[in-house]
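Enquirer: Show me the folded form of this:
(one chain, ligands or ions: 1)
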Amino acid sequence: MSLGIPEKITALLFDLDGVLTSTAVLHRQAWRQTFEAMGQPFSEQDYLAYVDGKPRYDGVRSFLASRGLTPLEDEVRRIGDQKNELVNSIIDEQGITPYPASVDYLKAARAAGMPIGVVTSSANAMRVLRAGNLLDYVDALVDGNVITASNLRGKPAPDSFVEGARRLRTAPGNAAVFEDALAGVQAGRDGGFGFVVGVDRGNQAEALKAGGADVVVDELDELLS
Ligand SMILES: O=P(O)(O)OC[C@H]1O[C@@H](O)[C@H](O)[C@@H](O)[C@@H]1O
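Expert: Numbers count the residues shown, from 1 in each chain. Down below sits the predicted model:
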C-alpha cells in the first residue's frame, strides 16, 4: 500500500490533537469557556489564529495580545491552568475518540515499517494517547512536558518537530509532518521538513496551503492507495 508521500521520506511525525484524535474540539471548547468567563468573546477563528497548536501559556498570551492585553506572567499561568482543569473534565465526560481514518493511516505506516513520532504542544498527550489506544503506534513522543523540560520553543517554531526527527534518527528533510494547526504547518515548513501534510478540520485549507503545507487533506486515509 502507498502512504502517498515522497520516496525520500523515512519517518513520520504526527501532531496529536486534531490529527490523530478529535481533542482539538475539546481544547477549543475549554478555551472558549475560559476566555468568555473573563468577558472576552472567543470565536473558532480566534482559536485557529491565536491558540491552535501552541503551548498552553503561549496560547493565552497570543489571544490576549490580539485584544491589546498583556497580562502579567502569574495571570497568564492562572488562566492557562484554569483552562487545563476544564479541558481535563471535558475529556473525562466526553472521552477520547481517535479519527478512524488516522488509525488506518497509522496501521498502514506500521505495516510499511515507518518509524512514527508524535509531536504535540500538549502536556496532556500521554493521557490522550493512552485513552485513545494509540500508544502502540508511537516510537517517539515530544509533548508539552518535553518542550518545557528541554527549553524548546513551541510551535510555530520548528524545535519540537526537529527534536522528534532527532529521536527517530532522521534528518528533517527525510521526515514528513502531519498537522491541522497553522502554527504546526509553519513549523514544518520553517524546519525544512521533507513533506508537510495539512489536515483541514476547520475550513482552513487555503490558510494551511499558504502556511506551507505541500498537500491538504480532510482525512489521512485520502493519502492511501
Ligand atoms: O494545555 P495543553 O493540554 O498542554 O495543550 C496545549 C495546546 O496543545 C495543542 O495540541 C492544542 O492544539 C491546543 O489547543 C492546546 O492549547
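Enquirer: the longest helix in this protein is where?
Expert: Longest helix in the chain by number of residues (criterion: DSSP state H): helix 73-94.
Enquirer: Could you list every helix and strand that that helix packs against?
Expert: Packed against helix 73-94, as judged by 3 or more C-beta pairs under 8 Å, 6 or more residues apart in numbering; DSSP states H and E, are the following elements: helix 23-37, helix 56-66, helix 125-131. Using the backbone N, CA and C atoms, a C-beta is placed for each residue, glycine as well.
Enquirer: Make TSV from the ones you listed and add mean neighbour count, distance to the ligand and mean pLDDT to it.
Expert: TSV is the format used below for the helices and strands packed on helix 73-94 (neighbours: other C-beta atoms under 10 Å; distance: least, C-beta to the nearest ligand atom, whole Å; pLDDT from 0 to 100):
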stretch	mean neighbour count	distance to the ligand	mean pLDDT
helix 23-37	20	3	97
helix 56-66	19	4	98
helix 125-131	18	8	97
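Enquirer: Nearest to residue 78, out of the ones you listed?
Expert: Ranking the helices and strands packed on helix 73-94 by their distance to residue 78 (criterion: C-beta to C-beta) puts helix 56-66 first, at 9.2 Å.
Enquirer: Mind giving me the packing neighbours of the closest one?
Expert: Helix 56-66 sits against helix 23-37, helix 73-94, with contacts defined as 3+ C-beta pairs under 8 Å, 6+ apart.
Enquirer: Let's see that with 10 Å instead.
Expert: Packing partners of helix 56-66 (3 or more C-beta pairs under 10 Å, 6 or more residues apart in numbering; DSSP states H and E): helix 23-37, helix 44-46, helix 73-94, helix 144-149, helix 182-190.
Enquirer: most tightly surrounded among those helices?
Expert: Neighbour counts (mean count of other C-beta atoms under 10 Å) averaged over each of those peak at helix 182-190, with a mean of 26.
Enquirer: when you compare where it runs with where helix 56-66 runs, what's the angle?
Expert: 110 degrees (axes from the mean of the first three to the mean of the last three C-alpha atoms, to 10 degrees).
Enquirer: Report the distance from helix 182-190 to the chain centre.
Expert: The chain centre lies 10 Å from the centre of helix 182-190; the measure is C-alpha atoms, centre = their mean, to the nearest Å.
Enquirer: which SSE is residue 141 in?
Expert: strand 140-142 (DSSP states H and E).
Enquirer: Is the ligand within reach of that strand?
Expert: No. If you take C-beta under 6 Å from any ligand atom as the test, strand 140-142 misses the ligand, and the best it gets is 11.7 Å.
Enquirer: Off-centre distance for that strand?
Expert: Mean C-alpha position of strand 140-142 versus that of the full chain (C-alpha atoms, centre = their mean) differs by 12 Å.
Enquirer: Tell me the residues on the chain that lie near the ligand, please.
Expert: Taking C-beta under 6 Å from any ligand atom as the contact definition, the chain meets the ligand at 17, 24, 27, 51-53, 55-56, 59, 84, 120-124, 144, 181.
Enquirer: let's go with 5 Å and repeat that
Expert: 17, 27, 52, 53, 56, 59, 120, 121, 122, 123, 124, 144 (C-beta under 5 Å from any ligand atom).
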